[in-house]
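[1] 3D, please:
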Amino acid sequence: MSSRAAGTPAAGSSAAEVRYHVRFSLGQRYLHAILFSTFLGLALTGLPLRFSHSAWAASFAHIVGGFAAILFFHKFFAVILTAAFLTHVGRVLYLGFIKRQRGVFWGPNSLVPQPKDLKDIYEHVRWFLWLGPRPKFDRFAYWEKFDYWAVFWGMAIIGFSGYTMWFAPFFAKILPGSWFNIALVLHGEEALLAVWFIFTVHFFNTHLRPDSFPMDLVIFTGKESEEEWKKKRGEEYERLHGRPEGETTAVAPPRWLKNFARLIGTFVILTGFALLWLTLVAFLKA
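    Numbers count the residues shown, from 1 in each chain. As a prediction, the model looks like this:
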């Protein structure tokens, strides 16, 4: 990897010569902001409930007004996340079936796993082992698609089990009593797995790997430098460079937005690592 950070102008060039590519729209960035905010809120409220026997969980509950208050906020974040998820699914269906944009279901701009992803995984492993060149990724790499579909898995397993326990009198009319015990186990263990995955694998893939360290700001600013675009998503760059949808501009994200993104990103990462440590300690002591 080059010692010069991606998007940093070479010696003798001016910052104005660095061109930028728009990767995410404002709506996509807002949706991601809701997603990570509510997920962090669910982690902050759900983990103390899961590890209520721990001293740190009891202390946190005392600060916010007790475990009943924690449960209230947990349900609040769950409703917001569910609304955002359904909004996204509705938009995808609208684009695919009403606007006839079949590219959302298949093709280089789709998040649906495709044969190329298997090829990319194979070539990526070979590159890790110094057995071949680094593969060129398109708009979404295979690990980004995994992260995306993990949300659907989480909403199906964690979400349904949570709502089953929340509205137990209603679901008791259609489900046997033993299912509520299953729902309790599924909700706690799957949520714990999701938290550990996000605060380790997702954080590393997105921010802490050498290409992006110490933080990838594109999901906050919506833009990445043309050099960074070419390096991280070489296949998309070659496919779109010179076309209207691949247009680049010399207008960089404003400094205040990048600083704000660094502030928010740092808070989220540090909070995630703190929760990861607390839960690992509590889990091992259980």
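
[2] switch to C-alpha atoms for all contacts and neighbour counts from now on
    Fine.

[3] ok, the worst-scoring helix or strand of the chain on mean pLDDT: who's next to it in the sheet?
    Across the helices and strands of the chain, the lowest-confidence element by mean pLDDT, DSSP states H and E is strand 248-249, at a mean of 84. Here strand 248-249 has these sheet partners by DSSP bridges: strand 20-22 (antiparallel).

[4] Helix or strand next in line after the strand it pairs with, which one?
    As assigned by DSSP states H and E, the chain's next helix or strand after strand 20-22 is helix 26-50.

[5] Which SSE is immediately downstream of the least confident helix or strand of the chain?
    Downstream of strand 248-249 (by DSSP H and E), the next one is helix 255-285.

[6] picking up where we left off before, check what contacts the least confident helix or strand of the chain and list those residues.
    Around strand 248-249, the neighbours that count as contacts under CA atoms under 8 Å, 6 or more residues apart in numbering are 19-22, 226.

[7] which residues of the chain score low on pLDDT?
    Counting by pLDDT under 70, the chain contains low-confidence ranges at 1-16, 286.

[8] for it, what spans make up the helices?
    Assigned by DSSP state H, the helices in the chain fall at 26-50, 55-64, 67-93, 115-128, 142-154, 160-166, 168-171, 178-197, 203, 218-221, 226-232, 234-240, 255-285.

[9] before we move on, back to that, ok now the least confident helix or strand of the chain, how far from the chain's centre?
    26 Å (CA atoms, centre = their mean, to the nearest Å).

[10] leaving aside the residues next to it on the chain, what's closest to the residue nearest the centre of the chain?
    Nearest to the geometric centre of the chain sits Asp147, at 6.2 Å (CA atoms, centre = their mean). Nearest residue to Asp147 in three dimensions, chain neighbours excluded: His202, at 7.4 Å (CA to CA, 6 or more residues apart in numbering).

[11] Tell me if I'm right that the one you found and Lys145 touch.
    No: counting by CA atoms under 8 Å, His202 does not reach Lys145; the two are 11.6 Å apart.

[12] re earlier: just send the contacts of strand 248-249 back as a markdown table, with distance to Ile269 too.
    Below are these laid out as a markdown table (distance: CA to CA, whole Å):
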| residue | distance to Ile269 |
| --- | --- |
| Arg19 | 28 |
| Tyr20 | 26 |
| His21 | 25 |
| Val22 | 24 |
| Glu226 | 26 |
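
[13] between those, which has the most around it?
    With neighbours defined as other CA atoms under 10 Å, the most crowded of these is His21; it has 25 neighbours.

[14] number of nearby residues for the nearest residue to that residue once chain neighbours are set aside?
    Closest residue in space to His21, ignoring its immediate chain neighbours: Thr248 at 4.8 Å, by CA to CA, 6+ apart. When neighbours are counted by other CA under 10 Å, Thr248 registers 19.

[15] Equivalent analysis for His187, please.
    Here the count is done by other CA under 10 Å, and His187 has 23 residues near it.

[16] picking that back up, from the contacts of strand 248-249, which is closest to Val281?
    Within the contacts of strand 248-249, the smallest distance to Val281 is 41.4 Å, found for Val22 (CA to CA).

[17] how far away is that closest one from Gln101?
    Distance, Val22 to Gln101, by CA to CA, to the nearest Å: 20 Å.

[18] Leu26 - nearest residue in space that isn't next to it in sequence?
    Gly222 (7.1 Å).

[19] check contacts around that neighbour.
    Going by CA under 8 Å, 6+ apart, the list of residues near Gly222 reads 22-26, 29.

[20] rerun that using 7 Å as the cut-off
    22-25, 29 (CA atoms under 7 Å, 6 or more residues apart in numbering).

[21] next one: Leu217
    By CA under 7 Å, 6+ apart, the residues touching Leu217 are 258, 261.

[22] Please report phi then psi for it.
    phi -90, psi 0 (degrees, to the nearest 10).

[23] hang on, the earlier thing: quick check: PyMOL command selecting the buried ones in the contacts of Gly222.
    This is the PyMOL syntax for the buried subset of those, where burial follows 16 or more other CA atoms under 10 Å:
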select buried, resi 22+23+24+29
